[in-house]
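>>> 3D model of this:
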Amino acid sequence: MSYEIKTEIGIEASPSRVWEVLTDFPRYPEWNPFVLEVQGDVYQGAAIHYRFEMPRGIRIRTAAVVLRFQPDSELRFSAHFLAPTVFRGDHYFAIESKGQNSVVFHHGEIISGFLFPPVQLILQTQGPPIFQALNKALKRRAEQPP
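Residues are numbered from 1 along each chain as shown. Take a look at the predicted model:
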């Protein structure tokens, strides 16, 4: 059993500008309302540690493995709780070029595992608004001059 949170937003900026903001992890606290911190070198196959905040101020630290790191195009990583069969989240950011200074930013997560059913309602109701808030913040940041 799995569930996918899928969001997207149009951004009037080049793919490289969106990628620049998205992968400038030390500056996340300046603009990102969801992912507060990323530690580690980010490249395909790397282990990273990050901290994110859920509604009501619940902060969670976790580790993930970078599954895909394609500059100006896609960043995908996977994290799990105890084991992938217990609870797994495959998070992705994809940049779809629509021209020199226009992209569609796709942001989502595929969630699965035995613990998914008990938290399904929370993820379905609170997940999309959290992701959309990050999307809007990324749009504001990327559309500003560097």
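>>> in the longest helix along the chain, what counts as buried?
Longest helix in the chain by number of residues (criterion: DSSP state H): helix 116-142. Across helix 116-142, burial judged by 16 or more other Cβ atoms under 10 Å covers Phe116, Leu123, Gly127, Ile130, Phe131, Leu134, Asn135, Ala137, Leu138, Lys139, Arg141, Ala142. Placement of C-beta: from N, CA and C, glycine included.
>>> for the protein, just list every one of the strands.
2-11, 35-39, 47-53, 59-70, 74-81, 87-97, 103-112 (DSSP state E).
>>> tell me which of those sits nearest to Thr23.
strand 74-81 (6.9 Å; Cβ to Cβ).
>>> end-to-end on stretch 26-36?
9 Å (Cα to Cα, to the nearest Å).
>>> try stretch 139-146
13 Å.
>>> now swap in stretch 70-83 and tell me
Terminal residues of stretch 70-83 lie 26 Å apart, using Cα to Cα.
>>> need the contact partners of it.
15-16, 18-19, 22-23, 42, 48, 62-69, 84, 86-95, 113, 115 (Cβ atoms under 8 Å, 6 or more residues apart in numbering).
>>> what do you get for stretch 105-123?
Residues outside stretch 105-123 that contact it (Cβ under 8 Å, 6+ apart) are 1-11, 18, 80-81, 84-96, 127, 131, 134-135, 138-139.
>>> list only buried entries from the residues you listed.
Taking 16+ other Cβ under 10 Å as the criterion, what is buried in the contacts of stretch 105-123 is 5, 7-9, 11, 18, 80, 87-95, 127, 131, 134-135, 138-139.
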